[in-house]
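1. 3D model of this:
(one chain, ligands or ions: 1)
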Amino acid sequence: MSTQEQGSPKTGASTKPAPATGKLGVMVVGLGAVATTLIAGVEAIRRGLAKPIGSLTQMGTIRLGKRTDNNSPLIKDFVPLADLNDLVFTGWDIFEDNVYESAAHAKVLDKEILDQLKPYLETMKPLPAVFDQYYVKRLHGTHVKKGKNKRDLADQVRADIQAFKKTVDRVVMIWCGSTEIFLEPTAVHQSLEAFEKGLETNDVGIAPSQIYAYAALTEGVPFANGAPNLTVDVPALIELSKKNSAPICGKDFKTGQTFMKTVLAPAFKARLLGVSGWYSTNILGNRDGEVLDDPESFKTKEESKLGSLEYIFQPELYPDLYKDIFHKVRINYYPPRGDNKEGWDNIDIFGWLGYPMQIKVDFLCRDSILAAPIALDLVLFLDLAKRTPELKSIGIQEWLSFYLKSPQTREGLYPEHDLFIQSMKLKNTLRHIMGADLITHLGLEYYD
Ligand SMILES: NC(=O)c1ccc[n+]([C@@H]2O[C@H](COP(=O)([O-])OP(=O)(O)OC[C@H]3O[C@@H](n4cnc5c(N)ncnc54)[C@H](O)[C@@H]3O)[C@@H](O)[C@H]2O)c1
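-> Reported below is the predicted structural model:
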């Protein structure tokens, strides 16, 4: 049998992932809108009250073999993922509200569904957080840890992880906390040794998100980052991730506007349509919107949102089409809309002989409804990576770029933003670790 469409390299990873036996503990940093929508959502799905819409791990299929084989199992039946019934949640927040109170405050889910889940949700009370207002100007935390230095705070988070580990079989940590101010890597981030020294000396370059990440990775716990904060995108924490076989991935959930961008931009490029301008603006009224109203937090988000087009369009290869794109992103805090964001895009494109055209996108989305399944998939796939011999010690899991506005890559590699390439990469990684043939979509063998 010719296997051209399935891809010539029969990859045959030597060892498959270990089974997902026992309980998977999920430690969530920041029990706000996204986190409570995730936790309440998983419980609603477990009880059969709703479906896991938007989650590739729960509803996605994966084609195996030729198109004529008709073999497309569910992803969760193909790779050994933790079952939703085996997830146990806990987390930290700077406010004392339990998960029910916080979900009610976030107003993402209806009161009707929250009340059905109330006895479960109100048992979850946040652990005191590592917080410093210097890094998130708009919040005033009251439920916070005290420590003599950043090392002491990291040790307290490690103690929280160690205590939780006693109650579950494996642990994953995910940052669903607020967006911190824009930080660039400094000397303290260049090696693990420098970072650990910086914890002792309270180096200002070490943000709270990095203290959690350091604690997780030190404990061998995979870490995902739903916000655009620098966090693990520094040599010191990549080193720690590899050393302790604690997988990491990129940052900032790719939910609304950037999701649309990484769908539309590859289409323009595939058809060689030029782009002269892309103006994106948003109104958002939740706490995330309030935090992003601060210019220093907005700068972090802006950098994350701006990156994708440059990489997708490759202006150095296509100067006639994409050399001088005017790209602007705005986020405006507008309380009446709550979590229901509205994102507008005006795209100025040009076609044959340079004739201009316009496209307008108006996406009335629900931020946390889009983010929760991404958070779930990242948790389940990072846990899978940790159980997969070939993946667990490589540090960055680039195959998870599919979910993130800012994919993380090894130094010297440009990030892949195109959603469809990301999707193919993710599925081929799953085929690869299970020893199945890769799929290249060549398909000439059908016409032999
Ligand atoms: N919702 C989306 O579509 C989406 C998409 C991409 C990224 N994000 C990012 O995800 C994060 C969460 O979004 P959200 O809408 O849930 O925001 P939110 O404001 O509702 O929740 C964030 C929570 O984090 C807590 N927090 C802040 N600093 C903390 C710390 N140091 N330790 C523990 N808790 C801390 C806050 O008190 C708050 O409860 C934000 O950074 C946001 O930018 C969200």
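
2. who in this structure is up against the ligand?
-> With C-beta under 6 Å from any ligand atom as the criterion, the chain meets the ligand at residues 29-35, 92-95, 106, 129-131, 136, 139, 176-179, 208, 226-227, 252-253, 255, 286-288, 291, 367-368, 370-371. Quick note: C-beta positions are derived from backbone N, CA and C, even for glycine.

3. how does it look with 5 Å?
-> 29-30, 32-34, 92-94, 129, 131, 176-179, 208, 226-227, 253, 255, 287-288, 367-368, 371 (C-beta under 5 Å from any ligand atom).

4. Which ones among these map onto strands?
-> Val29, Trp92, Asp93, Phe253 (DSSP state E).

5. where does the residue in the chain that the ligand sits nearest to land on pLDDT?
-> As assessed by C-beta to the nearest ligand atom, the ligand sits closest to Gly32 within the chain, at 1.8 Å. Gly32 is assigned a predicted lDDT (pLDDT) of 96.

6. gap between it and Asp293?
-> 15 Å (C-beta to C-beta, to the nearest Å).

7. Tell me which of those two has more neighbours.
-> Gly32 (27 against 16; other C-beta atoms under 10 Å).

8. The more buried one and Val263, how far apart?
-> With C-beta to C-beta as the criterion, Gly32 and Val263 are 27 Å apart.

9. Ok, Asn340 next?
-> 21 Å.

10. Looking at the two, which one has more neighbours?
-> Neighbours per residue (other C-beta under 10 Å) separate Asn340 from Val263, with Asn340 holding more: 18 against 12.

11. Which residues are in contact with the closest residue to that one other than its chain neighbours?
-> Leaving aside its chain neighbours, Asn340 sits nearest to Arg366 (5.5 Å; criterion: C-beta to C-beta, 6 or more residues apart in numbering). By C-beta atoms under 8 Å, 6 or more residues apart in numbering, the residues touching Arg366 are Val108, Asp339, Asn340, Lys341.

12. Same list, these, but as a markdown table with pLDDT please.
-> Listed next are the contacts of Arg366 as a markdown table, based on pLDDT from 0 to 100:
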| residue | pLDDT |
| --- | --- |
| Val108 | 95 |
| Asp339 | 80 |
| Asn340 | 85 |
| Lys341 | 86 |
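
13. Could you work out the most separated pair of those?
-> Val108 and Lys341 (11.4 Å; C-beta to C-beta).

14. Can you list the low-confidence ranges for the protein?
-> By pLDDT under 70, the weakly predicted segments of the chain are 1-14, 304-305.

15. for it, what spans make up the strands?
-> Under DSSP E, the chain gives strands at 24-29, 87-93, 127-128, 170-175, 223-225, 248-253, 274-284, 326-333, 340-350, 356-366, 404-406.

16. Quick check: the residue of the chain closest to the ligand touching Glu290?
-> No: the pair Gly32 and Glu290 does not pass the contact test of C-beta atoms under 8 Å, sitting 10.9 Å apart.

17. neighbours around the closest residue to Tyr135 other than its chain neighbours, how many?
-> Sequence neighbours aside, Glu180 is the residue nearest to Tyr135 in space, at 4.3 Å (criterion: C-beta to C-beta, 6+ apart). Residues lying near Glu180 (other C-beta under 10 Å) number 25.

18. Ok, Pro126 next?
-> The number of residues packed near Pro126 is 22, by other C-beta under 10 Å.

19. same thing with the one 10 residues further on?
-> The local packing of Val136 (other C-beta under 10 Å) involves 24 other residues.

20. just Ala103 next, same as before
-> 29.

21. ok, and the closest non-adjacent residue to it?
-> Leaving aside its chain neighbours, Ala103 sits nearest to Thr36 (3.6 Å; criterion: C-beta to C-beta, 6+ apart).

22. contacting residues for that neighbour?
-> Val99, Ser102, Ala103, Ala106, Val108, Leu109, Leu121.

23. Same check on Glu302?
-> Here Glu302 is in contact with Val329 (C-beta under 8 Å, 6+ apart).

24. Please report the distance of it from Val157.
-> From Glu302 across to Val157, the span is 29 Å (C-beta to C-beta).

25. repeat for Glu310
-> In terms of C-beta to C-beta, Glu310 sits 35 Å off from Val157.

26. what do you get for Leu321?
-> Remark: distance between Leu321 and Val157 (C-beta to C-beta) = 48 Å.
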